[in-house]
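J.: Got a sequence here, can you model it:
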Amino acid sequence: MLGQTWGMERTLVLGAGFGGIAVATGLRDRLGDSHFVTLVDRSPLFSMGLRKLWELVGLGTIAEGSRPRARLAGGGIEVVLAEIAAIDPAGRAADLSVGRYEADRLVVALGAARRPELVPGLVEYGHSVWDVGIIPALRRELERFERGRIALVILGAPYPCPPAPYECVMLLDDHFRDRGIRDDVELTVATLQPMLLPNAGRAGSDWLAERLDERGIAWQVGVKAERIESSRIVFEDGDLRFDLLLAVPPHRAPQVVAASGLVSERGWIEPDPGTFATSYPGVWAVGDCTFVELANGLPLPKAGAMAAAQGDNVAAQIAAEITGEAPPEPFGGRGYCFLETGLHEAALIEGEFYADPPAVSVAAPTSA
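T.: Numbering: from 1, shown residues only. Now for the predicted structure:
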């Protein structure tokens, strides 16, 4: 497959999300076409996750924010659209639907896979707001919704983009206020986690609770679902009735990652926190398929900005190895994200997550 690059150093990047793209473009920026990168993904289009919520409430479409991954090709990057059948970390290779690809270095950036079937009844009676494919139909269902309770429930953790469920429910609040029927619609959010936003700490979770209270959005924490029935969630202690259920399903490492020998007993790849190197020489893992335990026992947040920072650091490491320059400073656990609070405003969350304890701040919401 890579016969035209004999004699060149090669990096194989599996997954073209935030982390994988950062690795590929970081290598191109540092090494140009003197280094060959193969970037693999099964989907031809890339879009930011926030586009799902915008389309859900009519603020835009996923298509408007999507770009072809093929645009990344050139300057040393080859984009391959294919399914990944197997990963061979010892051989720094992968078996794809278009053949076997081998390289000098391998980066796994395959994200986290939705597993709604792990909660009995969720597939039949709930809607995963993490599933891009259902958003258009769910949008139509919301347009028809005029009265009753909408429940948004977090059914597994960790999950990608910790603030997103709360963004979703506050955007729904805007949506129904704009339609003039908010008094007829109950909104409630529930999570199995002990606080609303554990990575933001008690202060950040309390701040978020105040925002929900201001909007009349009910919330519950520490409630774990046993099963979903046609109109209720059955928790270990109590239940929650709904007319429409939106859910954050459990997430796991993709099956091809789980079968690769890279994952730990937790079910995720646990790389070195500073370099994101795995136990296999010449193999790194970045983004949502990884688990990095923080000083407080929580995982490093699974967020696009975090994955991109990790990916750029890995690219800098690989470039330094090739050029013989000094390696970059280890990834320091610094990250940020914006939490949309509705009313065309967003709050900035910033964290020094590798601190002991992690130090996280939430700025007051501002408009764009």
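
J.: And the nearest residue to P328 once chain neighbours are set aside, its phi and psi?
T.: Ranked by CB to CB, 6 or more residues apart in numbering and with sequence neighbours excluded, the top spatial neighbour of P328 is A316, at 4.0 Å. Where C-beta positions appear, they are placed from N, C-alpha and C, glycine not excepted. When read as degrees, to the nearest 10, the backbone of A316 gives phi -60, psi -40.

J.: Quick check: A316 touching L27?
T.: No - with contact defined as CB atoms under 8 Å, A316 does not reach L27; the gap is 9.1 Å.

J.: With neighbour numbers in mind, choose between these two.
T.: L27 (31 against 20; other CB atoms under 10 Å).

J.: Show the pLDDT at the more buried one.
T.: Per-residue pLDDT puts L27 at 98.

J.: what helix or strand does it sit in?
T.: Using DSSP states H and E, L27 maps to helix 18-31.

J.: any idea how far that helix is from the chain center?
T.: In terms of CA atoms, centre = their mean, to the nearest Å, the centre of helix 18-31 is found 19 Å from the chain centre.

J.: Would you state the helices of the stretch 151-300 of the chain in chain order?
T.: 164-178, 201-214, 255-258 (DSSP state H, counting those that start in this stretch).

J.: wait, which of those is closest to E117?
T.: Nearest to E117 among the helices of the stretch 151-300 of the chain is helix 255-258 (12.6 Å), distances taken as CB to CB.

J.: For I154, see how far away V119 is.
T.: From V119 across to I154, the span is 11 Å (CB to CB, to the nearest Å).

J.: A320: what secondary structure?
T.: helix (DSSP: H, G, I helix; E, B strand; the rest coil).

J.: The closest residue in space to it that isn't next to it in sequence: neighbour count?
T.: Spatial nearest neighbour of A320, excluding adjacent residues (CB to CB, 6+ apart): P327 at 4.6 Å. Neighbourhood size, P327 [other CB under 10 Å]: 13.

J.: so where do the strands sit in the stretch 251-368 of the chain?
T.: 251-252, 283-285, 334-342, 345-352, 359-362, 366-367 (DSSP state E, counting those that start in this stretch).

J.: And these: which comes nearest D131?
T.: Taking the strands of the stretch 251-368 of the chain one by one with CB to CB, strand 251-252 is closest: 11.7 Å.

J.: by contact count, what packs against the closest one?
T.: Packed against strand 251-252, as judged by 3 or more CB pairs under 8 Å, 6 or more residues apart in numbering; DSSP states H and E, are the following elements: strand 113-114.

J.: Does anything pack onto the strand it packs on? Which helices or strands?
T.: So strand 113-114, by 3+ CB pairs under 8 Å, 6+ apart, packs with strand 251-252.

J.: and the closest residue to A346 other than its chain neighbours, how far is that from T38?
T.: Distances taken as CB to CB, 6+ apart place F338 nearest to A346, at 4.4 Å, with adjacent residues excluded. Applying CB to CB, the value for F338 to T38 is 32 Å.

J.: the more surrounded of those two?
T.: Neighbour tally, F338 and T38, criterion other CB under 10 Å: the higher count belongs to T38, 22 against 18.

J.: need the contact list for the more buried one.
T.: 2, 10-13, 77-78, 80, 101, 103 (CB atoms under 8 Å, 6 or more residues apart in numbering).

J.: which among these end up buried?
T.: Applying 16 or more other CB atoms under 10 Å to those, the neighbour count classes 10-13, 77-78, 80, 101, 103 as buried.

J.: taking the helices of the stretch 151-300 of the chain together, which one is wrapped up most tightly?
T.: helix 164-178 (a mean of 21; mean count of other CB atoms under 10 Å).

J.: Export that one to PDB, keeping only CA atoms.
T.: C-alpha atoms of helix 164-178 as PDB (Å, rounded to 0.1, in the frame of the first residue of the first chain):
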ATOM      1  CA  ALA A 164     -22.700  18.500  26.700                       C
ATOM      2  CA  PRO A 165     -25.800  17.000  28.400                       C
ATOM      3  CA  TYR A 166     -26.300  20.200  30.400                       C
ATOM      4  CA  GLU A 167     -25.800  22.300  27.200                       C
ATOM      5  CA  CYS A 168     -28.400  20.200  25.600                       C
ATOM      6  CA  VAL A 169     -31.000  20.700  28.300                       C
ATOM      7  CA  MET A 170     -30.400  24.400  28.500                       C
ATOM      8  CA  LEU A 171     -30.700  24.700  24.700                       C
ATOM      9  CA  LEU A 172     -34.000  22.800  24.900                       C
ATOM     10  CA  ASP A 173     -35.100  25.300  27.500                       C
ATOM     11  CA  ASP A 174     -34.400  28.100  25.000                       C
ATOM     12  CA  HIS A 175     -36.200  26.200  22.300                       C
ATOM     13  CA  PHE A 176     -39.500  25.700  24.200                       C
ATOM     14  CA  ARG A 177     -39.400  29.300  25.500                       C
ATOM     15  CA  ASP A 178     -39.000  30.500  21.900                       C
END
